[in-house]
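Visitor: here is the input, now give the coordinates:
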Amino acid sequence: MGRESLPATFTTAMARARGVHPRDLYAWRDDGRVVELSRGVFRRADAPPAGYPDLLAVAYRSPVAIVCCRSAAAFHDLSDEISPAVQIAVPTRHRPPRIAYPPTAVFRFEASTFELGLSAVEAAPGEWVRIYDPARTVVDLMRLRGRLGDDVAYGALQHYLRRRDARPAGLLKLASALDVRGPMQRALDVALAQ
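Guide: Numbering: from 1, shown residues only. Here you go, the predicted structure:
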């Protein structure tokens with residue numbers, strides 16, 4: 001079975017299920033026919049380039065995860081900084097993945113609100129990764145401002161309010177669902193008064 005029978009991005013388990021011996025898989029990696037994106041996640045060298053290979057690798061390592069916080073803010077142009085690690089959320093009762101490369105930070109979000117604001121990004125042609133939308137990202141940064149920093153939260157809010165699709169009322173509704181309405185309301189009042 002040749003690597004041409006494999007999808008553009010695949011895991012070791014997917015390759016084995018198609019009859020590829022690990023010896024062959026690692027030989028392909030060593031001679032450059034496949035690229036290892038993360039432990040056990042590969043991409044064919046002849047596949048179209050992935051726009052977001054780190055997000056793609058993390059999604060294959062933890063399919064339940066959703067890209068969040070600083071990583072989502074960078075993707076949605078809500079921040080000028082690049083996150084040093086891919087930040088993902090998993091439901092509270094889900095075992096957090098241990099991913100050394102790409103560097104990954106895991107947050108545990110309440111299962112009942114886990115998929116609020118869920119969106120997707122095409123990380124590679126035809127391959128989608130779960131990510132929180134801009135409004136959910138702003139609200140999460142406000143919720144986690146004690147951990148991630150006030151400047152990150154308020155900066156993301158400022159960037160969000162400059163967007164054509166900004167909906168402050170939608171932010172407040174989402175903030176209520178995520179139990180951070182008070183801080184969000186105060187931050188919005190200050191931001192909109194300027």
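
Visitor: from here on, contacts and neighbour counts on C-alpha atoms
Guide: Fine.

Visitor: quick one, grab the pLDDT at G146.
Guide: pLDDT, G146: 88.

Visitor: okay, now it: neighbour count?
Guide: 10 (other CA atoms under 10 Å).

Visitor: ok, now R93?
Guide: 10.

Visitor: looking at this, L192 is in a strand?
Guide: No - when classified by DSSP: H, G, I helix; E, B strand; the rest coil, L192 is found to be helix rather than part of a strand.

Visitor: secondary structure element for V152, which one?
Guide: Assigned by DSSP states H and E, V152 belongs to helix 150-161.

Visitor: now do that helix: everything it contacts.
Guide: Around helix 150-161, the neighbours that count as contacts under CA atoms under 8 Å, 6 or more residues apart in numbering are 73, 77-79, 134-135, 138, 141-142, 145, 166-168, 187-188, 191.

Visitor: quick one: contacts for the residue nearest the centre of the chain?
Guide: In the chain, the centroid-proximal residue (CA atoms, centre = their mean) is V67; its distance is 1.9 Å. By CA under 8 Å, 6+ apart, the contact list for V67 reads 55, 86-89, 129-132.

Visitor: can you rerun that using 10 Å?
Guide: Neighbour list for V67: 55, 58-59, 73, 75, 86-90, 106-107, 118-121, 129-133, 137 [criterion: CA atoms under 10 Å, 6 or more residues apart in numbering].

Visitor: just D30 next, same as before
Guide: Per CA under 10 Å, 6+ apart, neighbours of D30: 24, 36.

Visitor: how about it, phi and psi?
Guide: Dihedral pair for D30: phi -70, psi -30, per degrees, to the nearest 10.

Visitor: what of A89?
Guide: phi -110, psi 140.

Visitor: residues near the nearest residue to it once chain neighbours are set aside, how many?
Guide: Leaving out its chain neighbours, the residue that sits closest to A89 by CA to CA, 6 or more residues apart in numbering is F107, at 4.6 Å. As a burial measure, F107 scores 18 neighbours (other CA under 10 Å).

Visitor: with that, I have no additional questions.
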